[in-house]
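>>> sequence? don't have it. structure:
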(Lines give C-alpha, C1' and ligand atoms only; values in the text may rest on other atoms or scores of the structure.)
Protein backbone atom coordinates (compact mmCIF):
# COMPACT_ATOMS: atom_id res chain seq x y z
CA UNK A 1 0.00 0.00 0.00
CA UNK A 2 1.81 3.12 -1.22
CA UNK A 3 -0.06 6.08 0.27
CA UNK A 4 2.46 8.58 -1.13
CA UNK A 5 2.13 7.51 -4.78
CA UNK A 6 1.64 10.50 -7.08
CA UNK A 7 -0.31 10.92 -10.29
CA UNK A 8 1.70 12.35 -13.17
CA UNK A 9 0.72 15.70 -14.66
CA UNK A 10 0.54 14.09 -18.09
CA UNK A 11 -1.93 11.50 -16.78
CA UNK A 12 -4.10 14.20 -15.16
CA UNK A 13 -4.29 16.09 -18.45
CA UNK A 14 -5.02 12.87 -20.37
CA UNK A 15 -7.82 11.93 -17.95
CA UNK A 16 -9.39 15.35 -18.51
CA UNK A 17 -9.82 14.42 -22.19
CA UNK A 18 -11.42 11.04 -21.49
CA UNK A 19 -14.54 10.69 -23.71
CA UNK A 20 -17.76 11.03 -21.75
CA UNK A 21 -15.97 12.67 -18.81
CA UNK A 22 -14.56 15.88 -20.32
CA UNK A 23 -15.67 19.46 -19.82
CA UNK A 24 -16.04 22.17 -22.46
CA UNK A 25 -13.57 25.10 -22.55
CA UNK A 26 -15.81 28.18 -22.77
CA UNK A 27 -14.71 30.71 -20.10
CA UNK A 28 -12.73 33.91 -20.82
CA UNK A 29 -10.61 36.20 -18.61
CA UNK A 30 -13.66 38.41 -18.03
CA UNK A 31 -15.77 35.39 -17.03
CA UNK A 32 -13.14 34.29 -14.48
CA UNK A 33 -12.70 37.78 -13.05
CA UNK A 34 -16.45 38.19 -12.65
CA UNK A 35 -16.68 34.68 -11.19
CA UNK A 36 -14.18 35.59 -8.47
CA UNK A 37 -16.00 38.84 -7.70
CA UNK A 38 -19.33 37.00 -7.84
CA UNK A 39 -18.43 34.54 -5.11
CA UNK A 40 -16.44 36.98 -2.96
CA UNK A 41 -18.72 40.04 -3.00
CA UNK A 42 -21.57 38.51 -1.07
CA UNK A 43 -21.90 37.43 2.53
CA UNK A 44 -18.41 38.71 3.27
CA UNK A 45 -19.01 42.32 2.36
CA UNK A 46 -22.57 42.56 3.67
CA UNK A 47 -22.24 40.84 7.05
CA UNK A 48 -18.87 39.34 8.00
CA UNK A 49 -17.06 42.70 8.02
CA UNK A 50 -19.55 44.19 10.47
CA UNK A 51 -19.30 41.10 12.71
CA UNK A 52 -15.49 41.26 12.72
CA UNK A 53 -15.51 44.97 13.59
CA UNK A 54 -18.06 44.49 16.37
CA UNK A 55 -16.57 41.45 18.07
CA UNK A 56 -12.85 41.34 17.23
CA UNK A 57 -11.03 44.27 15.65
CA UNK A 58 -13.06 47.48 15.94
CA UNK A 59 -12.05 50.11 13.32
CA UNK A 60 -8.87 48.06 12.69
CA UNK A 61 -11.06 45.62 10.75
CA UNK A 62 -9.62 47.36 7.67
CA UNK A 63 -6.24 45.93 8.72
CA UNK A 64 -7.91 42.53 9.17
CA UNK A 65 -9.16 42.72 5.58
CA UNK A 66 -5.69 43.75 4.38
CA UNK A 67 -4.04 40.80 6.18
CA UNK A 68 -6.63 38.38 4.77
CA UNK A 69 -6.16 39.87 1.28
CA UNK A 70 -2.35 39.53 1.40
CA UNK A 71 -2.65 35.95 2.66
CA UNK A 72 -5.12 35.14 -0.10
CA UNK A 73 -2.96 36.83 -2.76
CA UNK A 74 0.13 34.82 -1.78
CA UNK A 75 -1.82 31.55 -1.84
CA UNK A 76 -3.54 32.44 -5.11
CA UNK A 77 -0.12 33.04 -6.71
CA UNK A 78 0.66 29.40 -5.91
CA UNK A 79 -2.72 28.34 -7.31
CA UNK A 80 -2.02 30.28 -10.51
CA UNK A 81 1.37 28.60 -11.00
CA UNK A 82 -0.19 25.18 -10.45
CA UNK A 83 -3.24 25.88 -12.62
CA UNK A 84 -1.13 27.01 -15.60
CA UNK A 85 0.98 23.86 -15.24
CA UNK A 86 -1.98 21.49 -14.67
CA UNK A 87 -5.08 23.14 -16.27
CA UNK A 88 -7.68 20.56 -15.21
CA UNK A 89 -10.69 20.53 -12.86
CA UNK A 90 -10.12 19.77 -9.19
CA UNK A 91 -7.91 22.64 -8.04
CA UNK A 92 -5.90 21.92 -4.87
CA UNK A 93 -6.87 18.23 -4.96
CA UNK A 94 -5.28 17.70 -8.39
CA UNK A 95 -2.23 19.80 -7.48
CA UNK A 96 -1.65 17.77 -4.31
CA UNK A 97 -2.09 14.45 -6.14
CA UNK A 98 0.70 15.44 -8.54
CA UNK A 99 3.14 16.48 -5.81
CA UNK A 100 2.47 14.98 -2.37
CA UNK A 101 0.65 11.75 -3.01
CA UNK A 102 -2.77 10.16 -2.97
CA UNK A 103 -3.55 10.16 0.76
CA UNK A 104 -2.86 13.87 1.21
CA UNK A 105 -4.69 14.58 -2.06
CA UNK A 106 -7.73 12.76 -0.66
CA UNK A 107 -7.55 14.80 2.56
CA UNK A 108 -7.36 18.07 0.59
CA UNK A 109 -10.20 17.02 -1.72
CA UNK A 110 -12.25 16.03 1.32
CA UNK A 111 -11.53 19.45 2.89
CA UNK A 112 -12.53 21.22 -0.34
CA UNK A 113 -15.84 19.35 -0.26
CA UNK A 114 -16.24 20.57 3.33
CA UNK A 115 -15.50 24.17 2.31
CA UNK A 116 -17.71 24.30 -0.77
CA UNK A 117 -20.61 22.23 0.55
CA UNK A 118 -20.81 24.07 3.89
CA UNK A 119 -20.44 27.48 2.23
CA UNK A 120 -23.16 26.74 -0.33
CA UNK A 121 -25.54 25.46 2.36
CA UNK A 122 -24.88 28.35 4.78
CA UNK A 123 -25.28 31.01 2.11
CA UNK A 124 -28.38 29.37 0.61
CA UNK A 125 -29.98 29.53 4.05
CA UNK A 126 -29.00 33.19 4.46
CA UNK A 127 -30.43 33.90 1.00
CA UNK A 128 -33.83 32.65 2.14
CA UNK A 129 -33.67 34.83 5.25
CA UNK A 130 -32.71 37.94 3.21
CA UNK A 131 -35.54 37.19 0.77
CA UNK A 132 -38.01 37.41 3.65
CA UNK A 133 -36.46 40.74 4.70
CA UNK A 134 -36.92 42.10 1.18
CA UNK A 135 -40.55 40.97 1.25
CA UNK A 136 -40.96 42.73 4.62
CA UNK A 137 -39.61 45.99 3.19
CA UNK A 138 -42.32 45.83 0.52
CA UNK A 139 -45.02 45.26 3.14
CA UNK A 140 -45.35 41.50 2.71
CA UNK A 141 -45.03 39.19 5.71
CA UNK A 142 -43.41 36.05 4.29
CA UNK A 143 -41.58 33.99 6.94
CA UNK A 144 -38.17 32.51 5.98
CA UNK A 145 -39.22 29.09 7.25
CA UNK A 146 -42.37 27.01 7.44
CA UNK A 147 -43.00 24.25 9.97
CA UNK A 148 -43.43 20.71 8.69
CA UNK A 149 -44.11 18.17 11.41
CA UNK A 150 -42.19 20.20 13.97
CA UNK A 151 -39.22 20.73 11.62
CA UNK A 152 -38.43 24.19 10.26
CA UNK A 153 -38.07 24.17 6.47
CA UNK A 154 -36.21 27.15 4.97
CA UNK A 155 -38.00 27.16 1.64
CA UNK A 156 -35.85 29.93 0.11
CA UNK A 157 -32.75 27.70 0.21
CA UNK A 158 -34.55 25.03 -1.81
CA UNK A 159 -35.67 27.60 -4.36
CA UNK A 160 -32.33 29.26 -5.08
CA UNK A 161 -30.32 26.02 -5.11
CA UNK A 162 -32.82 24.42 -7.51
CA UNK A 163 -32.66 27.40 -9.91
CA UNK A 164 -28.87 27.43 -10.15
CA UNK A 165 -28.57 23.67 -10.28
CA UNK A 166 -30.71 23.75 -13.41
CA UNK A 167 -28.63 26.58 -14.91
CA UNK A 168 -25.37 24.72 -14.24
CA UNK A 169 -26.75 21.57 -15.81
CA UNK A 170 -27.68 23.58 -18.93
CA UNK A 171 -24.12 24.87 -19.35
CA UNK A 172 -21.23 26.69 -17.65
CA UNK A 173 -21.23 29.57 -20.15
CA UNK A 174 -24.97 30.22 -19.67
CA UNK A 175 -24.50 30.19 -15.89
CA UNK A 176 -21.58 32.61 -16.23
CA UNK A 177 -23.71 35.05 -18.28
CA UNK A 178 -26.48 35.04 -15.68
CA UNK A 179 -23.86 35.46 -12.95
CA UNK A 180 -22.29 38.42 -14.78
CA UNK A 181 -25.58 40.30 -14.73
CA UNK A 182 -26.16 39.74 -11.02
CA UNK A 183 -22.54 40.60 -10.21
CA UNK A 184 -22.63 43.95 -12.01
CA UNK A 185 -25.83 44.81 -10.10
CA UNK A 186 -24.28 44.05 -6.72
CA UNK A 187 -21.09 45.96 -7.54
CA UNK A 188 -23.38 48.93 -8.18
CA UNK A 189 -25.00 48.40 -4.76
CA UNK A 190 -21.58 48.21 -3.07
CA UNK A 191 -20.48 51.47 -4.73
CA UNK A 192 -23.73 53.03 -3.47
CA UNK A 193 -22.91 51.85 0.07
CA UNK A 194 -19.42 53.37 -0.14
CA UNK A 195 -20.53 56.74 -1.51
CA UNK A 196 -23.52 57.17 0.80
CA UNK A 197 -21.72 55.67 3.80
CA UNK A 198 -18.87 58.19 3.62
CA UNK A 199 -21.37 61.05 3.90
CA UNK A 200 -22.11 59.85 7.46
CA UNK A 201 -18.52 59.29 8.56
CA UNK A 202 -17.39 60.90 11.83
CA UNK A 203 -13.65 60.87 12.46
CA UNK A 204 -14.14 60.24 16.20
CA UNK A 205 -15.63 56.82 15.41
CA UNK A 206 -12.18 55.66 14.25
CA UNK A 207 -10.78 56.21 17.75
CA UNK A 208 -9.40 54.08 19.23
CA UNK A 209 -8.39 52.52 15.92
CA UNK A 210 -7.15 49.38 17.72
CA UNK A 211 -9.35 48.95 20.83
CA UNK A 212 -7.58 47.73 23.96
CA UNK A 213 -7.84 43.99 24.56
CA UNK A 214 -10.49 43.02 27.08
CA UNK A 215 -11.60 39.69 28.51
CA UNK A 216 -14.82 38.18 27.23
CA UNK A 217 -17.74 37.99 29.63
CA UNK A 218 -17.87 34.22 30.20
CA UNK A 219 -15.36 31.86 31.78
CA UNK A 220 -17.07 28.50 31.32
CA UNK A 221 -16.36 25.63 28.95
CA UNK A 222 -18.54 27.15 26.21
CA UNK A 223 -16.47 30.34 26.32
CA UNK A 224 -13.23 28.36 26.05
CA UNK A 225 -14.58 26.57 22.97
CA UNK A 226 -15.27 29.95 21.35
CA UNK A 227 -11.77 31.32 21.95
CA UNK A 228 -9.06 31.02 19.32
CA UNK A 229 -7.09 27.80 19.10
CA UNK A 230 -3.89 29.88 19.38
CA UNK A 231 -5.13 31.40 22.64
CA UNK A 232 -6.05 27.94 23.92
CA UNK A 233 -2.58 26.55 23.09
CA UNK A 234 -0.76 29.47 24.72
CA UNK A 235 -2.99 29.45 27.81
CA UNK A 236 -4.24 32.99 27.24
CA UNK A 237 -7.55 33.94 28.86
CA UNK A 238 -10.46 34.33 26.38
CA UNK A 239 -10.37 37.94 25.15
CA UNK A 240 -11.37 40.20 22.28
CA UNK A 241 -9.92 43.28 20.51
CA UNK A 242 -6.28 44.33 20.72
CA UNK A 243 -3.62 43.06 18.32
CA UNK A 244 -4.82 39.48 18.63
CA UNK A 245 -8.31 40.71 17.78
CA UNK A 246 -7.02 42.02 14.43
CA UNK A 247 -5.75 38.54 13.52
CA UNK A 248 -8.91 36.89 14.83
CA UNK A 249 -10.84 39.32 12.64
CA UNK A 250 -8.62 38.42 9.68
CA UNK A 251 -9.37 34.72 10.24
CA UNK A 252 -13.10 35.53 10.20
CA UNK A 253 -13.15 37.89 7.19
CA UNK A 254 -11.04 35.40 5.25
CA UNK A 255 -14.47 33.90 4.52
CA UNK A 256 -14.89 36.87 2.18
CA UNK A 257 -12.02 35.66 -0.04
CA UNK A 258 -12.99 32.01 -0.54
CA UNK A 259 -14.07 32.68 -4.12
CA UNK A 260 -10.63 32.68 -5.62
CA UNK A 261 -9.73 29.07 -4.94
CA UNK A 262 -13.14 28.15 -6.40
CA UNK A 263 -12.14 29.94 -9.62
CA UNK A 264 -9.13 27.63 -9.89
CA UNK A 265 -11.47 24.61 -9.94
CA UNK A 266 -12.75 25.82 -13.33
CA UNK A 267 -9.32 25.53 -15.00
CA UNK A 268 -10.54 22.78 -17.32
CA UNK A 269 -13.34 25.00 -18.67
CA UNK A 270 -11.13 28.01 -19.48
CA UNK A 271 -10.00 29.05 -22.93
CA UNK A 272 -6.20 29.48 -23.08
CA UNK A 273 -5.79 28.77 -19.32
CA UNK A 274 -2.06 29.65 -19.23
CA UNK A 275 -2.89 33.33 -19.77
CA UNK A 276 -6.55 33.54 -18.79
CA UNK A 277 -6.34 32.04 -15.29
CA UNK A 278 -3.73 34.39 -13.74
CA UNK A 279 -5.33 37.49 -15.28
CA UNK A 280 -8.85 36.54 -14.20
CA UNK A 281 -7.90 35.54 -10.66
CA UNK A 282 -5.67 38.54 -9.86
CA UNK A 283 -7.99 41.05 -11.52
CA UNK A 284 -10.90 39.86 -9.42
CA UNK A 285 -8.85 39.78 -6.21
CA UNK A 286 -7.62 43.37 -6.68
CA UNK A 287 -11.14 44.69 -7.25
CA UNK A 288 -12.62 42.79 -4.30
CA UNK A 289 -9.88 43.91 -1.89
CA UNK A 290 -10.40 47.56 -2.82
CA UNK A 291 -14.17 47.28 -2.32
CA UNK A 292 -13.79 45.52 1.04
CA UNK A 293 -11.41 48.09 2.49
CA UNK A 294 -13.56 51.03 1.35
CA UNK A 295 -16.73 49.44 2.76
CA UNK A 296 -15.07 48.67 6.11
CA UNK A 297 -13.79 52.28 6.35
CA UNK A 298 -17.28 53.59 5.67
CA UNK A 299 -18.86 51.13 8.12
CA UNK A 300 -16.59 51.87 11.10
CA UNK A 301 -16.66 55.61 10.38
CA UNK A 302 -20.48 55.76 10.34
CA UNK A 303 -21.00 54.22 13.79
CA UNK A 304 -18.81 53.23 16.71
CA UNK A 305 -17.76 49.59 16.83
CA UNK A 306 -19.33 49.45 20.33
CA UNK A 307 -22.68 50.31 18.78
CA UNK A 308 -22.27 47.51 16.27
CA UNK A 309 -21.38 45.14 19.14
CA UNK A 310 -24.73 45.82 20.78
CA UNK A 311 -26.56 44.26 17.82
CA UNK A 312 -27.15 40.50 17.92
CA UNK A 313 -26.02 39.97 14.31
CA UNK A 314 -24.51 43.24 13.03
CA UNK A 315 -24.53 43.91 9.27
CA UNK A 316 -24.16 46.91 6.97
CA UNK A 317 -27.89 47.45 7.38
CA UNK A 318 -27.32 47.87 11.15
CA UNK A 319 -25.01 50.83 10.51
CA UNK A 320 -27.40 52.62 8.13
CA UNK A 321 -30.35 52.06 10.46
CA UNK A 322 -28.25 53.51 13.31
CA UNK A 323 -27.76 56.79 11.39
CA UNK A 324 -31.45 56.87 10.43
CA UNK A 325 -31.09 56.16 6.71
CA UNK A 326 -33.78 53.52 6.21
CA UNK A 327 -33.83 54.08 2.43
CA UNK A 328 -30.20 52.99 2.14
CA UNK A 329 -30.98 50.04 4.40
CA UNK A 330 -33.58 48.89 1.85
CA UNK A 331 -31.07 49.13 -0.99
CA UNK A 332 -28.57 47.11 1.05
CA UNK A 333 -31.16 44.43 1.80
CA UNK A 334 -31.78 44.09 -1.95
CA UNK A 335 -28.04 44.13 -2.65
CA UNK A 336 -27.45 41.42 -0.06
CA UNK A 337 -30.02 39.21 -1.75
CA UNK A 338 -28.47 39.74 -5.19
CA UNK A 339 -24.97 39.34 -3.76
CA UNK A 340 -25.67 35.99 -2.17
CA UNK A 341 -27.33 34.72 -5.35
CA UNK A 342 -24.18 34.50 -7.46
CA UNK A 343 -22.12 33.17 -4.54
CA UNK A 344 -24.36 30.11 -4.39
CA UNK A 345 -24.00 29.51 -8.12
CA UNK A 346 -20.19 29.53 -8.11
CA UNK A 347 -19.97 27.37 -4.98
CA UNK A 348 -22.30 24.75 -6.46
CA UNK A 349 -20.17 24.65 -9.61
CA UNK A 350 -16.93 24.37 -7.63
CA UNK A 351 -18.32 21.56 -5.47
CA UNK A 352 -19.33 19.45 -8.45
CA UNK A 353 -15.92 19.97 -10.15
CA UNK A 354 -13.96 18.78 -7.12
CA UNK A 355 -16.14 15.67 -6.77
CA UNK A 356 -15.83 15.14 -10.54
CA UNK A 357 -12.02 15.11 -10.32
CA UNK A 358 -12.02 12.72 -7.35
CA UNK A 359 -14.48 10.34 -9.00
CA UNK A 360 -12.46 10.31 -12.25
CA UNK A 361 -9.59 8.95 -10.16
CA UNK A 362 -11.79 6.30 -8.58
CA UNK A 363 -11.50 7.69 -5.04
CA UNK A 364 -15.26 8.27 -5.26
CA UNK A 365 -17.61 6.18 -7.48
CA UNK A 366 -16.57 6.55 -11.14
CA UNK A 367 -20.19 6.86 -12.25
CA UNK A 368 -20.27 10.36 -10.74
CA UNK A 369 -17.76 11.67 -13.31
CA UNK A 370 -20.00 11.07 -16.34
CA UNK A 371 -20.66 14.27 -18.32
CA UNK A 372 -23.51 15.14 -20.67
CA UNK A 373 -22.85 14.38 -24.36
CA UNK A 374 -24.74 17.49 -25.49
CA UNK A 375 -23.56 20.16 -23.04
CA UNK A 376 -20.41 18.60 -21.56
CA UNK A 377 -21.55 19.30 -17.99
CA UNK A 378 -21.62 16.77 -15.11
CA UNK A 379 -25.44 16.87 -15.06
CA UNK A 380 -26.00 13.86 -12.79
CA UNK A 381 -23.37 14.99 -10.30
CA UNK A 382 -24.60 18.59 -10.33
CA UNK A 383 -28.13 17.44 -9.46
CA UNK A 384 -26.84 15.24 -6.62
CA UNK A 385 -24.76 18.11 -5.20
CA UNK A 386 -27.66 20.55 -5.52
CA UNK A 387 -30.10 18.19 -3.79
CA UNK A 388 -27.68 17.55 -0.90
CA UNK A 389 -26.98 21.28 -0.40
CA UNK A 390 -30.70 22.11 -0.53
CA UNK A 391 -31.61 19.47 2.07
CA UNK A 392 -28.89 20.53 4.52
CA UNK A 393 -29.58 24.26 4.05
CA UNK A 394 -33.34 23.86 4.26
CA UNK A 395 -33.60 21.45 7.17
CA UNK A 396 -30.59 21.96 9.50
CA UNK A 397 -28.97 24.66 11.60
CA UNK A 398 -25.98 24.66 9.25
CA UNK A 399 -24.96 28.24 10.08
CA UNK A 400 -23.35 26.88 13.28
CA UNK A 401 -20.57 25.53 11.05
CA UNK A 402 -19.63 28.83 9.35
CA UNK A 403 -15.98 28.73 10.44
CA UNK A 404 -15.63 25.24 8.92
CA UNK A 405 -15.60 27.01 5.55
CA UNK A 406 -12.48 28.95 6.52
CA UNK A 407 -10.55 26.05 8.01
CA UNK A 408 -11.23 23.90 4.93
CA UNK A 409 -10.00 26.68 2.64
CA UNK A 410 -6.92 27.54 4.69
CA UNK A 411 -5.82 23.91 4.99
CA UNK A 412 -5.92 23.64 1.19
CA UNK A 413 -3.97 26.91 0.89
CA UNK A 414 -1.21 25.58 3.18
CA UNK A 415 -0.76 22.40 1.13
CA UNK A 416 -0.86 24.20 -2.25
CA UNK A 417 1.74 26.74 -1.06
CA UNK A 418 4.11 23.97 0.01
CA UNK A 419 3.21 21.90 -3.04
CA UNK A 420 4.72 24.51 -5.36
CA UNK A 421 8.13 23.84 -3.83
CA UNK A 422 7.68 20.11 -4.36
CA UNK A 423 6.50 20.62 -7.96
CA UNK A 424 9.54 22.74 -8.84
CA UNK A 425 11.91 20.14 -7.37
CA UNK A 426 10.22 17.13 -9.00
CA UNK A 427 9.50 18.72 -12.38
CA UNK A 428 12.10 21.39 -13.16
CA UNK A 429 11.30 20.84 -16.84
CA UNK A 430 7.88 22.48 -16.50
CA UNK A 431 7.57 26.07 -17.67
CA UNK A 432 4.21 27.36 -16.36
CA UNK A 433 2.96 30.65 -17.84
CA UNK A 434 2.88 32.16 -14.34
CA UNK A 435 5.52 31.61 -11.66
CA UNK A 436 5.45 32.86 -8.06
CA UNK A 437 8.29 35.41 -7.72
CA UNK A 438 11.18 35.42 -5.19
CA UNK A 439 11.84 31.69 -5.37
CA UNK A 440 10.93 29.76 -2.22
CA UNK A 441 10.26 32.80 -0.04
CA UNK A 442 6.67 33.69 -0.95
CA UNK A 443 5.29 30.10 -0.98
CA UNK A 444 6.76 29.55 2.51
CA UNK A 445 5.40 32.89 3.78
CA UNK A 446 2.01 31.98 2.32
CA UNK A 447 1.95 28.60 4.11
CA UNK A 448 2.97 30.17 7.45
CA UNK A 449 0.37 32.95 7.22
CA UNK A 450 -2.42 30.51 6.32
CA UNK A 451 -1.46 28.17 9.15
CA UNK A 452 -1.38 31.08 11.60
CA UNK A 453 -4.85 32.24 10.52
CA UNK A 454 -6.07 28.68 11.03
CA UNK A 455 -4.89 28.81 14.66
CA UNK A 456 -6.96 31.98 15.14
CA UNK A 457 -10.17 30.06 14.47
CA UNK A 458 -12.21 28.83 17.44
CA UNK A 459 -11.36 25.68 19.41
CA UNK A 460 -14.75 24.14 18.55
CA UNK A 461 -14.00 24.65 14.84
CA UNK A 462 -10.83 22.58 15.22
CA UNK A 463 -12.80 19.86 17.03
CA UNK A 464 -15.37 19.70 14.20
CA UNK A 465 -12.52 19.71 11.69
CA UNK A 466 -10.84 16.75 13.39
CA UNK A 467 -14.11 14.79 13.30
CA UNK A 468 -14.50 15.59 9.59
CA UNK A 469 -10.95 14.34 8.87
CA UNK A 470 -11.56 11.08 10.74
CA UNK A 471 -14.73 10.46 8.70
CA UNK A 472 -12.78 11.18 5.51
CA UNK A 473 -9.98 8.76 6.40
CA UNK A 474 -12.49 6.00 7.13
CA UNK A 475 -14.07 6.51 3.68
CA UNK A 476 -10.67 6.55 1.98
CA UNK A 477 -9.44 3.31 3.49
CA UNK A 478 -12.84 1.60 3.17
CA UNK A 479 -13.43 2.62 -0.47
CA UNK A 480 -11.11 5.13 -2.13
CA UNK A 481 -7.78 3.34 -1.66
CA UNK A 482 -9.12 0.05 -3.04
CA UNK A 483 -10.87 1.63 -6.06
CA UNK A 484 -8.17 4.15 -6.94
CA UNK A 485 -7.29 4.00 -10.64
CA UNK A 486 -3.70 4.82 -9.72
CA UNK A 487 -3.74 1.80 -7.40
CA UNK A 488 -4.91 -0.31 -10.34
CA UNK A 489 -2.05 0.95 -12.53
CA UNK A 490 0.48 0.16 -9.79
CA UNK A 491 -1.01 -3.32 -9.39
CA UNK A 492 -1.01 -3.98 -13.14
CA UNK A 493 2.59 -2.77 -13.43
CA UNK A 494 3.57 -5.06 -10.56
CA UNK A 495 1.87 -8.04 -12.22
CA UNK A 496 3.65 -7.26 -15.50
CA UNK A 497 7.05 -6.99 -13.80
CA UNK A 498 6.54 -10.34 -12.06
CA UNK A 499 6.03 -12.06 -15.41
CA UNK A 500 2.25 -12.36 -15.53
CA UNK A 501 0.43 -11.30 -18.72
CA UNK A 502 0.15 -7.52 -19.04
CA UNK A 503 -3.53 -7.92 -19.83
CA UNK A 504 -4.26 -9.30 -16.36
CA UNK A 505 -6.75 -7.10 -14.57
CA UNK A 506 -7.23 -6.50 -10.90
CA UNK A 507 -10.56 -7.02 -9.23
CA UNK A 508 -10.83 -3.26 -8.73
CA UNK A 509 -10.37 -2.69 -12.48
CA UNK A 510 -13.21 -5.09 -13.23
CA UNK A 511 -15.45 -3.26 -10.78
CA UNK A 512 -14.54 0.03 -12.46
CA UNK A 513 -15.54 -1.30 -15.88
CA UNK A 514 -18.84 -2.49 -14.44
CA UNK A 515 -19.47 1.01 -13.09
CA UNK A 516 -18.62 2.55 -16.47
CA UNK A 517 -21.00 0.16 -18.23
CA UNK A 518 -23.73 1.04 -15.74
CA UNK A 519 -23.22 4.77 -16.34
CA UNK A 520 -23.61 4.26 -20.11
CA UNK A 521 -26.93 2.44 -19.80
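Yes, it's here. Keep in mind that this is a model prediction, so the values were computed, not measured. Residues are numbered from 1 along each chain as shown.

>>> just the helices in the stretch 1-150 of the chain please.
Applying DSSP state H, counting those that start in this stretch to the stretch 1-150 of the chain gives helices spanning 9-16, 29-40, 43, 49-52, 61-85, 92-99, 102-137.

>>> now the ones you listed in CSV, with distance to residue 355 and mean pLDDT?
Every residue, glycine included, has its C-beta placed from N, CA and C. As requested, those are exported to CSV (distance: least, Cβ to Cβ, whole Å; pLDDT from 0 to 100):
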stretch, distance to residue 355, mean pLDDT
helix 9-16, 15, 75
helix 29-40, 18, 71
helix 43, 23, 55
helix 49-52, 31, 82
helix 61-85, 18, 85
helix 92-99, 10, 84
helix 102-137, 7, 85
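
>>> Please work out which residues outside stretch 149-156 touch it.
With Cβ atoms under 8 Å, 6 or more residues apart in numbering as the test, stretch 149-156 has contacts from 124-125, 127-129, 131-132, 144-147, 393-395.

>>> of the helices of the stretch 1-150 of the chain, which approaches residue 426 most closely?
With Cβ to Cβ as the measure, helix 92-99 is the member of these nearest residue 426 (6.7 Å).

>>> could you check the angle helix 9-16 makes with that closest one?
Orientation check (axes from the mean of the first three to the mean of the last three Cα atoms, to 10 degrees): helix 92-99 against helix 9-16 gives 140 degrees.

>>> Quick one: low-confidence residue ranges for the stretch 401-521 of the chain.
Across the stretch 401-521 of the chain, the ranges flagged by pLDDT under 70 are 489-521.

>>> mind running it again at 50?
In the predicted model of the stretch 401-521 of the chain, residues 500-521 satisfy pLDDT under 50.

>>> tell me the helices in it, going along the chain?
Counting by DSSP H, counting those that start in this stretch, one finds helices in the stretch 401-521 of the chain at the ranges 402-426, 441-455, 459-475, 481-483, 485-497, 507-520.

>>> hey, which of those is tucked in deepest?
helix 402-426 (a mean of 23; mean count of other Cβ atoms under 10 Å).

>>> for that one, packing partners?
Packing contacts for helix 402-426, counted by 3 or more Cβ pairs under 8 Å, 6 or more residues apart in numbering; DSSP states H and E, involve helix 61-85, helix 92-99, helix 102-137, helix 242-253, helix 259-264, helix 441-455, helix 459-475.

>>> now these as TSV including distance to residue 389?
Converted to TSV, these look like this (distance: least, Cβ to Cβ, whole Å):
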stretch	distance to residue 389
helix 61-85	24
helix 92-99	19
helix 102-137	5
helix 242-253	23
helix 259-264	14
helix 441-455	25
helix 459-475	17
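
>>> Quick one: closest of those helices to residue 275.
Judging the helices and strands packed on helix 402-426 by Cβ to Cβ, what sits closest to residue 275 is helix 61-85, at 8.2 Å.

>>> How far off centre is that closest one?
What separates the centre of helix 61-85 from the centre of its chain is 13 Å, taken as Cα atoms, centre = their mean, to the nearest Å.

>>> Just want the angle from that helix to helix 92-99.
Calculated by the same axes, to 10 degrees, helix 61-85 forms an angle of 50 degrees with helix 92-99.

>>> List the buried residues in helix 61-85.
The neighbour-count check on helix 61-85 (16 or more other Cβ atoms under 10 Å) flags 61-69, 71-85 as buried.

>>> and what of stretch 197-215?
Buried residues in stretch 197-215, counted by 16+ other Cβ under 10 Å: 197, 200-201, 205-206, 211.

>>> What segments of the stretch 151-300 of the chain are strands?
For the stretch 151-300 of the chain, applying DSSP state E, counting those that start in this stretch gives strands covering 151-153, 214-215, 239-240.

>>> Need the residues that contact stretch 379-390.
117, 120-121, 124, 157-158, 161-162, 164-165, 168-169, 348-349, 351-352, 355-356, 359, 367-372.

>>> Quick one: mean pLDDT for the helix or strand hosting residue 391?
Taking DSSP states H and E as the definition, one finds residue 391 inside helix 379-395. Mean pLDDT, helix 379-395: 89.

>>> Tell me what angle it forms with helix 102-137.
Using the same axes, to 10 degrees: helix 379-395 against helix 102-137 is 60 degrees.

>>> ranges for the helices of the stretch 251-400 of the chain?
Counting by DSSP H, counting those that start in this stretch, the stretch 251-400 of the chain has helices at residues 259-264, 273-302, 305-309, 316-322, 326-360, 379-395.

>>> So which of these is the most surrounded?
Mean neighbours per residue, mean count of other Cβ under 10 Å, is largest over those for helix 259-264, with a mean of 28.

>>> top of the contacts of stretch 149-156 by neighbour count?
For the contacts of stretch 149-156, the largest number of neighbours (other Cβ atoms under 10 Å) sits with residue 124, at 30 neighbours.

>>> For residue 385, see how far away that residue is.
Distance of residue 124 to residue 385, given as Cβ to Cβ, to the nearest Å: 12 Å.

>>> right, and residue 228 touches residue 454 too?
No: between residue 228 and residue 454 there is no contact under Cβ atoms under 8 Å: 10.0 Å.

>>> For the two, list the residues in contact with both.
When contacts are counted by Cβ under 8 Å, 6+ apart, residue 228 and residue 454 are jointly contacted by residue 251.

>>> so, if you compare the contacts of stretch 149-156, which one comes nearest to residue 316?
The closest of these, once distances to residue 316 are taken by Cβ to Cβ, is residue 129, at 15.0 Å.

>>> Wait, that closest one touches residue 142, no?
No: between residue 129 and residue 142 there is no contact under Cβ under 8 Å: 11.1 Å.
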